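Asker: Task: produce atomic coordinates for the following.
(one chain, ligands or ions: 1)
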Amino acid sequence: MTLQVGIIGTGMIGQDHIRRLTQVLSGVRVVAVTDINLERAQAAAPQGATVYETPQELIRAAEVQAVVICSWGPAHEEQLLDCIAVGKPVFCEKPLVTSAEAALRVMEAETAFGLRLVQVGFMRRFDADYRRLKAVIDGGTLGAPLMYKSVHRNASVPEGLYTSDMPLNDTLVHDADISRWLLRDEIAGVEVRVPRRSSRGGELRDPVMVLLHMTSGAIVDVEISVNIAYGYDIRGEVSCETGIAALPNRPATVITDQFGIRQAIPEDWRERFIEAYDQEFREWIVAAGQGTATGPSTWDGYAATLVADAALRAVASQHLETVEMVSKPDLYNQ
Ligand code: NAP
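Answerer: Purely as a prediction, here's the structure:
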């Protein structure tokens with residue numbers, strides 16, 4: 001069976017996912033696209049795909065069996081609710097939505113439907129190195145995880161994302177999600193420290209250090225630098241009771257010449273996580289073909305949204321800000 005997919009939002013990541021779904025993966029076909037900028041949608045549409053004028057028309061089109069949302073965050077809620085209303089599985093790029101209230105509305109609609117339909121784009125969970133790291137922690141041979149260090153460095157920020165809150169709104173959600181997943185824990189509180197500001201970023205609050213206080217008492221420290229010039233650098237190290245488990249550096253060809261011994265660094269997230277994005281969609285295609293969703297859920301998107309909100313409060317207060325979650329619906333315990 002071939003899953004017929006419609007894409008909403010044909011910007012940077014929308015185009016990358018169209019490439020992935022048309023040129024890399026099997027069992028899937030992009031049959032429809034839309035974007036607020038119709039010319040961009042026309043240009044990105046694969047051969048034979050219909051360009052719809054609005055997300056609503058695309059979601060309701062009979063030929064579209066499942067939807068991929070790659071529009072910007074504030075548009076996600078309405079598009080998710082429309083997908084749930086017609087019972088179509090939907091992959092939504094992070095952030096799920098941009099407020100806790102919006103996340104609760106999506107959760108309410110999905111739980112009323114009674115079946116998971118939403119998968120959120122937290123692709124790190126599909127990365128082979130993160131999966132091996134999690135297998136070691138889950139195996140229990142090192143004892144309980146006590147601390148986790150997460151390092152998230154971007155070479156630069158796309159112009160449209162250049163706001164002072166960007167590292168906490170857009171970047172931290174990945175570290176928050178991977179911490180919850182690796183440690184099998186929820187985040188109960190958030191502290192933020194803002195060190196000396198990089199002169200490369202103007203008003204951008206960069207770098208930032210975030211402490212995530214987990215409900216078990218474990219603490220995660222996250223270093224975020226989004227304008228560090230040299231490349232995209234993702235690291236992680238879990239300190240457990242009797243040992244340390246660390247994310248390996250990405251293997252790359254080692255060049256030795258008159259300038260020294262060098263290894264290439266990934267340019268950006270597309271290069272570092274290319275296999276993770278592919279695997280994320282491979283698993284999504286299987287679940288969506290069965291009319292449902294697996295992987296990161298609306299609950300996970302809700303948690304990440306709460307953490308981003310708490311982090312923004314913590315910048316202002318310079319105190320520990322607590323994260324209060326509603327009780328978890330059974331749908332997300334399965
Ligand atoms: P982008 O290049 O700005 O693309 C977004 C596209 O959606 C633009 O063409 C935009 O048009 C369009 N759009 C905005 N509102 C819309 C609406 N209501 N209906 C239809 N189209 C709409 O942004 P991007 O970098 O691709 O990011 C898209 C989403 O992916 C964001 O939520 C972002 O956080 C997420 N993302 C995730 C990852 C990851 O690692 N998982 C990486 C990058 C991005 P205009 O430009 O005219 O507004």
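Asker: Where does the protein get nearest to the ligand, residue-wise?
Answerer: As assessed by CB to the nearest ligand atom, the ligand sits closest to residue 11 within the chain, at 1.8 Å. In this view, the C-beta of every residue, glycine as well, is placed from N, C-alpha and C.
Asker: For that residue, give its distance to residue 53.
Answerer: 17 Å (CB to CB, to the nearest Å).
Asker: So for these two, which residue has more residues nearby?
Answerer: residue 11 (17 against 12; other CB atoms under 10 Å).
Asker: what sits against that one?
Answerer: Neighbour list for residue 11: 35, 40, 70 [criterion: CB atoms under 8 Å, 6 or more residues apart in numbering].
Asker: try residue 67
Answerer: Taking CB under 8 Å, 6+ apart, we find residue 67 in contact with 5, 6, 7, 8, 58, 59, 79, 83, 88, 89, 90, 91.
Asker: If I look at the spatially most central residue of the chain, what pLDDT would I see?
Answerer: What sits nearest the mean C-alpha location of the chain, by CA atoms, centre = their mean, is residue 122, with 3.0 Å. At residue 122 the predicted local confidence, pLDDT, stands at 98.
Asker: Residue 205 now?
Answerer: What the model reports as pLDDT for residue 205 is 88.
Asker: Close to the ligand: what parts of the stretch 101-250 of the chain are there?
Answerer: 121, 123, 160, 170 (CB under 6 Å from any ligand atom).
Asker: out of those residues, what pair is the most spread apart?
Answerer: Within those, 123 and 160 form the most distant pair, 20.5 Å apart (CB to CB).
Asker: who has more neighbours, those two?
Answerer: The residue with more neighbours, out of residue 123 and residue 160 and counting by other CB under 10 Å, is residue 123; that gives 24 against 10.
Asker: residue ranges with poor pLDDT in the stretch 151-300 of the chain?
Answerer: 161 (pLDDT under 70).
Asker: can you give me the helices in it?
Answerer: Ranges of helices within the stretch 151-300 of the chain are 166, 172-183, 269-272, 274-289, 298-317, based on DSSP state H, counting those that start in this stretch.
Asker: most tightly surrounded among those helices?
Answerer: helix 172-183 (a mean of 24; mean count of other CB atoms under 10 Å).
Asker: how far out from the middle of the chain is it?
Answerer: Helix 172-183 sits 9 Å away from the centroid of its parent chain (CA atoms, centre = their mean, to the nearest Å).
Asker: helices or strands up against that helix?
Answerer: Where contact means 3 or more CB pairs under 8 Å, 6 or more residues apart in numbering; DSSP states H and E, helix 172-183 is packed against helix 128-139, strand 145-153, strand 187-193, strand 208-214, strand 219-225, strand 233-240, helix 298-317.
Asker: Outside of the fifth one itself, list whatever touches it.
Answerer: What that stands for is strand 219-225. Outside strand 219-225, the residues that reach it (CB under 8 Å, 6+ apart) are 146-154, 167-168, 171-172, 175-176, 179, 183, 198, 206-214.
Asker: Buried members of those into PyMOL, please.
Answerer: Selection of buried members from the contacts of strand 219-225 for PyMOL, criterion 16 or more other CB atoms under 10 Å:
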select buried, resi 146+148+149+150+151+152+153+154+167+168+171+172+175+176+179+183+198+206+207+208+210+211+212+213+214
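Asker: The residue lying closest to residue 329 once chain neighbours are set aside sits in which helix or strand?
Answerer: In this structure, residue 329 finds its nearest non-sequential neighbour in residue 111, 4.8 Å apart by CB to CB, 6 or more residues apart in numbering. Using DSSP states H and E, residue 111 maps to helix 100-113.
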